[in-house]
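> Predicted model follows, preceded by the sequence.
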Amino acid sequence: MDHPSHSAYDIAQVCLLAGKIMLENGGETYRVEDTMTRVAAAFGIRNSQSYVTPTGILFSIDGPQQTTRMIRISERSTDLHKVTLVNAISRKISLGELSVSEAHRLLNEIEGASAMYPLWFKIMAAAIASGCFLIMFGGTWHDFIPVFLAGGIGFAFQLYFHRLVPIKFIAEFLGSVLIGAIAYLFLKAGFGHDLDKMIVGSVMPLVPGLLITNAVRDLMAGHLVSGLSKGAEACLTAFAIGAGIAFVLSFISGVGIG
């Protein structure tokens, strides 16, 4: 399908916006590149190249209207609903149901939309997940409420501190420190029985499960740079969580508490 009324620049803007939304909300690198290429082809651009990393997107169109655009990715979160919406728009573009301007408008609406779930819902989900992980790892129902509270409070604190200081490692480290401290206080107050399982269950909402999955899938798809960088980020997150818990346990042991 050819769209002579639209310049290559406009088409590149649509492709970049689609890729940006997907990458910022948990989309895999190879899926982002494939979506951008398909959108460009649907708009009549047969010779396009895209290069995606976790921190940036480079998109180029060859031919008479040659153009190269780059966009920086500074924030990444998980909102697979937005990824699904972009995929739906991509399919409509491929079927010829959307023009360049209509696609750009819809993508702008998706980008500007608030998160599908409010903050309180995410915190509640993290708290419930913490309690469920406790049971899954062989814990007892007596520890469910302490883990529910520790996981929810720790997750909420991690989100809040990350907004104040946008350094993910520090936020995750402090969140795990708080989780370890709360779990220990519940244990000493007589509301907990197994500190190890309480801590493991409480920190599970902080574990970078999607990041690890995307890293493996990118590596398997041949995107070595993205796969290795996402794997390194996942390892750093795991180290932050482990270091936070180790700090609490070392402090308890060092001062002779317990």
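Yep, it's here.
> Give me the phi and psi for the residue nearest to residue 200 when sequence neighbours are not counted.
Sequence neighbours aside, residue 137 is the residue nearest to residue 200 in space, at 5.7 Å (criterion: CB to CB, 6 or more residues apart in numbering). C-beta: built from backbone N, CA, C; applies to glycine. Dihedral angles of residue 137 (phi, psi; degrees, to the nearest 10) stand at phi -90, psi 10.
> wait, is residue 68 part of a strand?
Yes - if the criterion is DSSP: H, G, I helix; E, B strand; the rest coil, then residue 68 is within a strand.
> Other residues contacting the helix or strand containing residue 107?
Assessed by DSSP states H and E, residue 107 sits inside helix 100-112. Contacting residues not belonging to helix 100-112 are listed as 3, 6, 10-11, 13-14, 17-18, 20-21, 39, 43, 82, 85-86, 89, 92-93, 98 [CB atoms under 8 Å, 6 or more residues apart in numbering].
> Can you give the distance of it from its chain's centre?
Counting by CA atoms, centre = their mean, to the nearest Å, helix 100-112 is centred 22 Å from the centre of its parent chain.
> That one: what's the following helix or strand?
With elements assigned by DSSP H and E, the helix or strand that comes after helix 100-112 is helix 119-136.
> mean confidence score for that next one?
Helix 119-136 shows a mean pLDDT of 92.
> a helix runs through residue 58, doesn't it?
No - secondary structure of residue 58 (three-state DSSP): strand, not part of a helix.
> If we go by neighbour counts, what in stretch 44-58 is buried?
Residues of stretch 44-58 classed as buried: 45, 48, 50, 52, 54, 57 (neighbour count, 16 or more other CB atoms under 10 Å).
> wait, doesn't the second one sit right on residue 58?
Yep, that's residue 48 we're talking about. No - here residue 48 lies out of contact with residue 58, judged by CB atoms under 8 Å, at a distance of 11.3 Å.
> Any regions of this protein where pLDDT drops low?
1-6, 65, 254-258 (pLDDT under 70).
> can you pull up the bridge partners for residue 56?
Assessed by DSSP bridges, residue 56 has beta-bridge partners residue 53, residue 72.
> I'd say it and residue 74 touch.
No - using CB under 8 Å, residue 56 makes no contact with residue 74, being 9.3 Å away.
> ok, residue 20 - contacts?
Residue 20 sits in contact with 57, 71, 73, 111, where contact means CB under 8 Å, 6+ apart.
> how about a cut-off of 7 Å?
Going by CB atoms under 7 Å, 6 or more residues apart in numbering, residue 20 touches 57, 71, 73.
> Then residue 212?
residue 234.
> what about it, which helix or strand?
Using DSSP H and E, residue 212 falls in helix 209-220.
> now the strands: where do they sit in this structure?
For the chain, the strands defined by DSSP state E cover 48-53, 56-61, 67-72.
> Can you check what angle separates the last one from strand 56-61?
An angle of 170 degrees separates the directions of strand 67-72 and strand 56-61 when computed by axes from the mean of the first three to the mean of the last three CA atoms, to 10 degrees.
> Summarise which helices and strands strand 67-72 is packed against.
If you count contacts as 3 or more CB pairs under 7 Å, 6 or more residues apart in numbering; DSSP states H and E, strand 67-72 packs onto helix 8-24, strand 56-61.
> What residues of it count as buried?
Quick answer for strand 67-72 (16+ other CB under 10 Å): residue 67.
> returning to that earlier point: indicate which one of the strands of the chain is closest to residue 209.
Closest approach to residue 209 among those (CB to CB): strand 48-53, 21.1 Å.
> can you list the domain ranges for the chain.
8-112, 119-254 (automatic domain parsing).
> got the end-to-end distance for the first one?
The one in question is domain 8-112. One end of domain 8-112 sits 24 Å from the other (CA to CA, to the nearest Å).
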